[in-house]
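Peer 1: Quick one: sequence and predicted model below, then my questions.
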Amino acid sequence: MPLDNMQMEEIRRLLQKKKQDLTEATDKKPEKAPVKKAAAKKGAKKAAAKTVKKKPNPVQAAISGELREVDAALKRLKEQESRFGYCEHCFMEIPWRELAVNPARRFCSRCV
């Protein structure tokens with residue numbers, strides 16, 4: 001049974017809320033660990049001597065990936081409303097309770 005209008009609006013609301021939460025999480029700057037003064041002086045000299053490569057933050061990368069999934073789900077909901085809620089692999093309906101937990105879900109539990 002396809003999703004009714006009320007369920008579609010609930011999915012849309014959940015996706016927009018999740019997008020807002022993820023956007024707020026990316027705006028927060030991570031806290032820096034305290035550095036001792038002596039270590040800071042040595043570190044400044046070493047940093048000046050060679051270029052330091054900045055490692056990507058894995059938490060920020062995960063949040064960015066999830067944000068892309070939510071944006072894609074909102075786009076699918078807008079453009080392909082009649083097909084939203086169906087598995088992209090086997091085309092079986094994804095149960096409402098599973099969509100309510102993860103509204104950006106693209107695959108059924110068998111195809112995951």
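Peer 2: That came in fine, so what should we check first? Numbering: from 1, shown residues only.
Peer 1: So Gln60 sits against Thr26, correct?
Peer 2: Yes: contact status for Gln60 versus Thr26: in contact at 6.5 Å, counting by Cβ atoms under 8 Å. (Each C-beta comes from the backbone N, C-alpha and C, glycine too.)
Peer 1: where do the helices sit along this protein?
Peer 2: For the chain, the helices defined by DSSP state H occupy 5-27, 37-49, 58-79, 96-101.
Peer 1: Lowest average confidence across these, which one?
Peer 2: Lowest mean pLDDT of those: helix 37-49, a mean of 58.
Peer 1: Of all the helices of the chain, which one is nearest Cys111?
Peer 2: Across the helices of the chain, Cys111 has its closest neighbour in helix 96-101 (12.1 Å, Cβ to Cβ).
Peer 1: do you know how far the residue nearest the centre of the chain is from Asn102?
Peer 2: The chain has Glu66 as the residue nearest its centroid, 1.4 Å off, counting by Cα atoms, centre = their mean. Glu66 is 10 Å from Asn102, where distance means Cβ to Cβ, to the nearest Å.
Peer 1: which of the residues in stretch 75-93 are buried?
Peer 2: Neighbour-count burial for stretch 75-93, counted by 16 or more other Cβ atoms under 10 Å, picks out Arg76, Leu77, Phe84, Gly85, Tyr86, Cys87.
Peer 1: Now do it: distance from first to last residue.
Peer 2: 19 Å (Cα to Cα, to the nearest Å).
Peer 1: which residues touch it?
Peer 2: 1-3, 8, 11-12, 15, 94, 96, 99, 106-108, 110-111 (Cβ atoms under 8 Å, 6 or more residues apart in numbering).
Peer 1: Please check those and keep the buried ones.
Peer 2: Leu3, Ile11, Arg12, Leu15, Ile94, Leu99, Arg106, Cys108.
Peer 1: For the third one, which non-adjacent residue is spatially closest?
Peer 2: So the one you mean is Arg12. Take Arg12 and drop its neighbours on the chain: the residue closest to it by Cβ to Cβ, 6 or more residues apart in numbering is Leu77, 6.0 Å away.
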